[in-house]
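>>> this is a predicted model, with the sequence first.
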Amino acid sequence: MRRIRDEKLEHDRRERVHELRERRDRARAAATTGRHRRAARQAESGARWLDGRLPFLDAGKGLLRKIFPDHWSFLLGELALYSFTLLLLTGVYLTFFFKPAMGETVYTGGYAPLRGVRMTEAYASTLAISFDVRGGLLIRQMHHWAALVFVAAIGVHLLRVFFTGAYRRPREVNWLIGLTLFQLALVEGFAGYSLPDDLLSGTGLRTAQGFMLAVPLVGSYLAFFAFGSEWPGQDIVPRLYTTHVLLLPGLLLGLVTAHLILVFYLKHTQWGGPGRSGRNVVGQPFFPTFLAKTGGLAAMVFGLLALLAAVAQINPIWDYGPYRADQASTDAQPDWYMGFLEGALRLMPGTETRLWGHTVAWNPLLPAVVFPLVLFTALYAYPFVEQWITGDRSEHHLCDRPRNRPTRTALGVAGVTAYAVLLLAGAQDVLAYKFELSVDVLDWTLRVALFVAPALAFRLTRYLCLALQSRDRDRVARGTPTGFVDQSPEGGFHQGHTPLTPARTYVLTLDRPPDAVAPADTSRRERVRAALGDWYYRDRVR
C-alpha cells in the first residue's frame, strides 16, 4: 500500500511539473509572438513612412518578382559585379595609406634589403602597405587578384553574349555598354598597376609614353600633357591616382548601373525550351531562390580571392626595386589583359617612314594605336553589320546554340585564337629563354601563326559546328544510341536507339535560321549584301 501511494504521489508530481512547463512554454510563445507582432507593426510603419517619400514598395515589389534564368552561364555577369564590389572595398582601404607623390625620400621601413635606398613617396608608401600596415599586404593582393578576375569575368561574359547572339535587337545598347566597360576596366587596371612606381610598372609607363609619341603630329603634345614634362616628370602618378580612384570608378559604376537597369527593363535572354518564348522568362524568382544562389556566389568570390591573396603572391614590388629612368626590368611582362598589345608590339617589325619632315614610327603606331582602334570599332559595329547582312530586324529573346550559327561561332573562335597568339608573343623572350629557342625564329613563327592559326581555327570550328548539327539531326530522326547491338532473325546487326524525350526534341528542332536575303535591286551595295548573307548562312544542315 505504501508503494502504491508513493507511485501515485510521484505520478501527480510529474503531471504538475509537466503542466507548469506547458504554461511556461505558452507564456514564452505568447511573449515571443507579441514581440514579433510589435516588430512587424514597426517594420510596416517604417515601410509606409518610407513609401510615402520614396517609391519603396513599388520598386521592391518589382524586384522580388523579377525572374532570373537558372543556367550557370548567366552567373558570369554576377562574377564581374562581385569582383568589382571587392575592388571598391579594398581600394577604399588602400587609399588611406597610399601617397600619390613623386617626391624623393630615403626608405627606412620594415623591408631591410631596401633600407637607405632613395625612392619616390609612392613606392615607399606601397612598401609600407605591404610590410608595416596590419593586413596591408593581404588587402593589396586581394585588390590585385580581384582586378584580374574582374577583367576576365567581363571578357568571358562578352564571349557568352557574342556566341549566343544576345547582343541582337533590342540589346544592342547593352552590348555597347559592355564593350565600354571592358575598355574602361583595361585602362583602370593599367592605371592601378602603374601607381606603385616600381621598376616593372615604370617600364610599362615608359612603353605607354612610346605609344603616345608614336601618334603623328600630336604625339609629343600628348606625352607632355600626360606626364607634365620631359620623361619621367613629376605629375604622372598623381594624375593616374585621380584617374584610378575617382574618374574611372565613377564611370564604371555609372555604366554598371545603366547595364543593370537595361537588363531589368529588357529582361534576360534564355535558352530555348518547352514553355520558353520571346514573351516570357522561365527561371527562378529573385527572392528567395536567386538571392540565395547569388549570395552564395558572392561569398565564394570573396572567399576565393581572400585565399588567393593569402597563399599566392602577386606583383612583389620589393623584388623589382624603385623605378629609375636609366634601368629597365628584365623579363618585363604586363598583366594578362594587356598582353595582346605587348604581343602585337613585339611582332611588328621596327620600321619608320619620313613624311613631310615628320618621322612615322610604324612600330608602335600600328600595333599600339591603330590596332586597338580597329579592333574595338569592329566589335562596336558587329551587331549592326550582322543585322544589315542578314536582314534580321526582329527582336530576339532566346539564345542561339553556337553550333547553329557556324559562321558567327567560327569568327569568335578565330578572334580568340588570334588573341592567344598575341598573348604568347607578349612573352616571346621568356619562352625563348625557357625552351632554348632563337628569338628571331620564334618571332617569325608567331608572325605566321597570327595569320594562319585564326584561318585554320575558323575552318575547323565551322566544320565542327556542321558536324554537331548533323549529329543533332540524326538524334532527332533515330534517337540516342543505347550501346547495345541486336541481331535480326536474318542475321543482320542493328544498333539500338532510345527515342528522345519531347522536351529534348523540342530544343534540338527549335532553331530555324533565316535564309540569305535576296537583293532588292541590282545595285552594288545590294549585291555585296547578298554575297555576304550567302556566305553567312551558306553552310548549315537543313
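Here it is on my side, so go on.

>>> my guess is Arg191 meets Thr242, correct?
Let me fix one detail, which is that residue 191 is Ala and not Arg. No - Ala191 lies out of contact with Thr242 (CB atoms under 8 Å); the separation is 9.5 Å. Just so you know, the C-beta spots here come from the backbone N, C-alpha and C atoms, and that holds for glycine as well.

>>> spatially nearest residue to Val476 (excluding sequence neighbours)?
Leu508 (5.3 Å; CB to CB, 6 or more residues apart in numbering).

>>> what about the helices in the stretch 151-300 of the chain?
Applying DSSP state H, counting those that start in this stretch to the stretch 151-300 of the chain gives helices spanning 172-194, 199-213, 219-227, 236-242, 248-266, 291-311.

>>> kindly reformat those as a markdown table containing mean neighbour count and distance to Val413.
Formatted as a markdown table, the helices of the stretch 151-300 of the chain follow (neighbours: other CB atoms under 10 Å; distance: least, CB to CB, whole Å):
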| stretch | mean neighbour count | distance to Val413 |
| --- | --- | --- |
| helix 172-194 | 19 | 19 |
| helix 199-213 | 20 | 29 |
| helix 219-227 | 16 | 36 |
| helix 236-242 | 20 | 36 |
| helix 248-266 | 14 | 26 |
| helix 291-311 | 15 | 28 |
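
>>> any chance of these in JSON lines, with distance to Ser277 too?
Listed next are the helices of the stretch 151-300 of the chain as JSON lines, based on distance: least, CB to CB, whole Å:
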{"stretch": "helix 172-194", "distance to Ser277": "20"}
{"stretch": "helix 199-213", "distance to Ser277": "49"}
{"stretch": "helix 219-227", "distance to Ser277": "52"}
{"stretch": "helix 236-242", "distance to Ser277": "49"}
{"stretch": "helix 248-266", "distance to Ser277": "15"}
{"stretch": "helix 291-311", "distance to Ser277": "24"}
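
>>> and the residue nearest to Val476, what does it touch?
Going by CB atoms under 8 Å, 6 or more residues apart in numbering, Leu508 touches Asp472, Arg475, Val476, Leu500.

>>> just to be sure, the first one is in a helix?
Looking back up the chat, that one is Asp472. Yes - using DSSP: H, G, I helix; E, B strand; the rest coil, the secondary structure at Asp472 is a helix.

>>> and it, how many neighbours?
Burial measure for Asp472: 20 neighbouring residues, criterion other CB atoms under 10 Å.

>>> now do the same contact list for it.
Arg403, Leu508, Val541.

>>> the last one - how many residues pack around it?
As a burial measure, the neighbour count of Val541 was computed by other CB under 10 Å and equals 16.

>>> from what I see, it and Asp474 are in contact.
No - look at Val541 against Asp474 with CB under 8 Å: they stay out of range, at 9.8 Å.

>>> shared neighbours of these two, anything?
By CB under 8 Å, 6+ apart, no residue touches both Val541 and Asp474.

>>> is it possible to export the contacts of Asp472 to CSV including distance to Asp197 and secondary structure?
Listed next are these as CSV, based on distance: CB to CB, whole Å; DSSP: H, G, I helix; E, B strand; the rest coil:
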residue, distance to Asp197, secondary structure
Arg403, 50, helix
Leu508, 58, helix
Val541, 58, coil
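
>>> tell me the one among those nearest to Arg276.
Closest approach between the contacts of Asp472 and Arg276, by CB to CB: Leu508, at 14.3 Å.

>>> I figured Ser277 was touching Tyr506, is that so?
No - with contact defined as CB under 8 Å, Ser277 and Tyr506 do not form a contacting pair (11.7 Å).

>>> quickly run through the sheet partners of the longest strand along the chain, with directions.
Longest strand in the chain, counting residues (DSSP state E): strand 480-487. Strand 480-487 has the following sheet partners, assigned by DSSP bridges: strand 493-498 (antiparallel).

>>> please state the offset of the partner strand from the chain centre?
Strand 493-498 sits 45 Å away from the centroid of its parent chain (CA atoms, centre = their mean, to the nearest Å).

>>> which residues are contacting that strand?
Arg478, Gly479, Thr480, Pro481, Thr482, Gly483, Phe484, Val485, Asp486, Gln487, Ser488.

>>> make JSON lines from the residues you listed and add pLDDT and neighbour count to it.
Below are the contacts of strand 493-498 laid out as JSON lines (pLDDT from 0 to 100; neighbours: other CB atoms under 10 Å):
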{"residue": "Arg478", "pLDDT": "86", "neighbour count": "13"}
{"residue": "Gly479", "pLDDT": "86", "neighbour count": "14"}
{"residue": "Thr480", "pLDDT": "85", "neighbour count": "14"}
{"residue": "Pro481", "pLDDT": "83", "neighbour count": "13"}
{"residue": "Thr482", "pLDDT": "80", "neighbour count": "11"}
{"residue": "Gly483", "pLDDT": "78", "neighbour count": "8"}
{"residue": "Phe484", "pLDDT": "82", "neighbour count": "9"}
{"residue": "Val485", "pLDDT": "80", "neighbour count": "10"}
{"residue": "Asp486", "pLDDT": "78", "neighbour count": "10"}
{"residue": "Gln487", "pLDDT": "75", "neighbour count": "9"}
{"residue": "Ser488", "pLDDT": "76", "neighbour count": "8"}
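
>>> would JSON lines of these with distance to Val528 be doable?
Compiled in JSON lines, the contacts of strand 493-498 are given as follows (distance: CB to CB, whole Å):
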{"residue": "Arg478", "distance to Val528": "41"}
{"residue": "Gly479", "distance to Val528": "44"}
{"residue": "Thr480", "distance to Val528": "43"}
{"residue": "Pro481", "distance to Val528": "45"}
{"residue": "Thr482", "distance to Val528": "50"}
{"residue": "Gly483", "distance to Val528": "50"}
{"residue": "Phe484", "distance to Val528": "53"}
{"residue": "Val485", "distance to Val528": "53"}
{"residue": "Asp486", "distance to Val528": "55"}
{"residue": "Gln487", "distance to Val528": "58"}
{"residue": "Ser488", "distance to Val528": "56"}
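
>>> where do the helices sit along the stretch 1-150 of the chain?
Under DSSP H, counting those that start in this stretch, the stretch 1-150 of the chain gives helices at 2-51, 56-64, 76-95, 121-131, 136-164.

>>> buried residues of the third one, list them for me.
Applying a neighbour-count criterion of 16 or more other CB atoms under 10 Å, the buried positions in helix 76-95 are 76-87, 90-91, 93-94.

>>> what angle sits between it and helix 172-194?
For the pair helix 76-95 and helix 172-194, the angle between their directions (axes from the mean of the first three to the mean of the last three CA atoms, to 10 degrees) equals 30 degrees.

>>> just the pLDDT at the residue nearest to Val476, thanks.
Note for Leu508: predicted pLDDT of 84.

>>> residues in contact with the longest strand of the chain?
Phe493, His494, Gln495, Gly496, His497, Thr498, Leu500.

>>> just the pLDDT for the last one.
The reference is to Leu500. 86.

>>> would you agree it is in contact with Gly479?
Yes - here Leu500 reaches Gly479: they are 5.9 Å apart, a contact under CB under 8 Å.

>>> helix, strand or coil for Val360?
Three-state call for Val360 (three-state DSSP): strand.

>>> count the neighbours of it for me.
Val360 has 16 nearby residues by other CB under 10 Å.

>>> my guess is it meets Leu217, correct?
No - look at Val360 against Leu217 with CB under 8 Å: they stay out of range, at 9.9 Å.

>>> the nearest residue to Leu159 once chain neighbours are set aside: which element?
Nearest in space to Leu159, with sequence neighbours left out and distances taken as CB to CB, 6+ apart, is Gly412 at 6.8 Å. In the assignment (DSSP states H and E), Gly412 maps to helix 406-425.
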